[in-house]
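Engineer: Below is the structure, and that's it, no one-letter string:
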Ligand SMILES: [Zn+2]
């Protein structure tokens, strides 16, 4: 039994192991942290989406444990997915050989996003996507002998900070190239991140403090971080949720054997915005057919959503809420634009 040691653990057990096998985690960045996190999670039996645009070079080998000399000049996603499949052929691995941009945020779509990137822009993009979709993410960063980790998992009252609350734009970040990095510190934070990821997927109580560790001094700090009440990124989203999102009805049409969701009030959905967030299959000016997880959803611009193959009402409600929230936030943005 591949997972017998993990199942024997009282925190996991058979049921949770089955749960984990149905989850998918996106790992953004396959460098020193991401390559280790990916290996640990692949061995734990979790499906992965791997995103990285870079090739392996000789300076990576000091800390990127998944790669060897013969992998130099090959793309990290290709080598990582090949090796992870050799380690665990029972999990699904999807790869994207690209940089994350404002236009392809939907490639992050999964149960949890792990930030193993090395730049602020990418983290602001993950933050934006996470606020829109409510998909939680775990931020890590490491430099020299220091590292940080923070769980961006929102609570029901929306009182937890977003990335923008913590790091204002244009803060200056040093890079590994300039300052150097110890391979033990990236490996340490990767194992912490993988552990937090398991806990998040299994709905265990998550660490709500910012973890800051200096492996050289053996110092571990837990810092309380607060939501910035004036943060434009997340306070707007909260307002959107409270004021703008209306109720909707859910109906099973027997003739079509499909679920239909209609909003109570008139909405005009911005199909372009929705197209950016999910994988479009068919696009017309009046309706879109998009793929959400593995299900097809027909999105009419007058607000009706048709779910043909998804029968889970809770999931339908969640997707509908996400789509209507998206519609509302774009309306709100338009209003703000018009004011200025
Ligand atoms: Zn914020």
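Structural biologist: It's in. From a predicted model like this one, the values you see are computed outputs, not experimental measurements.

Engineer: Skipping its backbone neighbours, what lies nearest the most centrally placed residue in the chain in space?
Structural biologist: The centre of the chain sits closest to residue 113, judged by CA atoms, centre = their mean, with a distance of 2.5 Å. Leaving aside its sequence neighbours, residue 113 sits nearest to residue 137 (CB to CB, 6 or more residues apart in numbering; 3.9 Å). Quick note: C-beta positions are derived from backbone N, CA and C, even for glycine.

Engineer: what do you get for residue 104?
Structural biologist: Counting by CB to CB, 6+ apart, the residue nearest residue 104 is residue 98, at 6.6 Å.

Engineer: Please apply the same query to residue 96.
Structural biologist: residue 51 (4.6 Å).

Engineer: same check, this time on residue 141
Structural biologist: Closest to residue 141 by CB to CB, 6+ apart is residue 148, at 5.4 Å.

Engineer: you'd agree that neighbour is up against residue 207?
Structural biologist: No: Residue 148 sits out of contact with residue 207 when judged by CB atoms under 8 Å, with a separation of 12.0 Å.

Engineer: who in the chain is up against the ion?
Structural biologist: Contacts of the chain with the ion, taken as CB under 5 Å from the ion, map to 162, 164, 165, 231, 233, 234.

Engineer: Can you give me the buried ones in stretch 225-233?
Structural biologist: Of the residues in stretch 225-233, those with enough neighbours to count as buried (16 or more other CB atoms under 10 Å) are 227, 228, 231, 233.

Engineer: correction: stretch 150-161
Structural biologist: For stretch 150-161, by 16+ other CB under 10 Å, it's 150, 151, 152, 153, 154, 160, 161.

Engineer: ok, now stretch 84-93?
Structural biologist: 84, 88, 91, 93.

Engineer: pLDDT and secondary structure added to those, as JSON lines?
Structural biologist: Below are these laid out as JSON lines (pLDDT from 0 to 100; DSSP: H, G, I helix; E, B strand; the rest coil):
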{"residue": "84", "pLDDT": "98", "secondary structure": "helix"}
{"residue": "88", "pLDDT": "98", "secondary structure": "coil"}
{"residue": "91", "pLDDT": "98", "secondary structure": "coil"}
{"residue": "93", "pLDDT": "98", "secondary structure": "strand"}
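
Engineer: all strands for this structure, in order.
Structural biologist: 24-28, 47-51, 93-96, 112-115, 137-143, 146-152, 210-214, 219-223, 248-253, 258-263, 279-283, 287-292, 295-300, 305-307 (DSSP state E).

Engineer: how far is the last one from where the chain is centred?
Structural biologist: Spelled out, it's strand 305-307. 24 Å (CA atoms, centre = their mean, to the nearest Å).

Engineer: Parallel or antiparallel, which strands does that strand pair with?
Structural biologist: Strands that pair with strand 305-307, judged by DSSP bridges, come out as strand 258-263 (antiparallel), strand 295-300 (antiparallel).

Engineer: Run the chain-centre distance for the last one.
Structural biologist: The chain centre lies 22 Å from the centre of strand 295-300; the measure is CA atoms, centre = their mean.

Engineer: On the strand side of things, show who the residue nearest to residue 141 bridges to.
Structural biologist: residue 141, residue 212.
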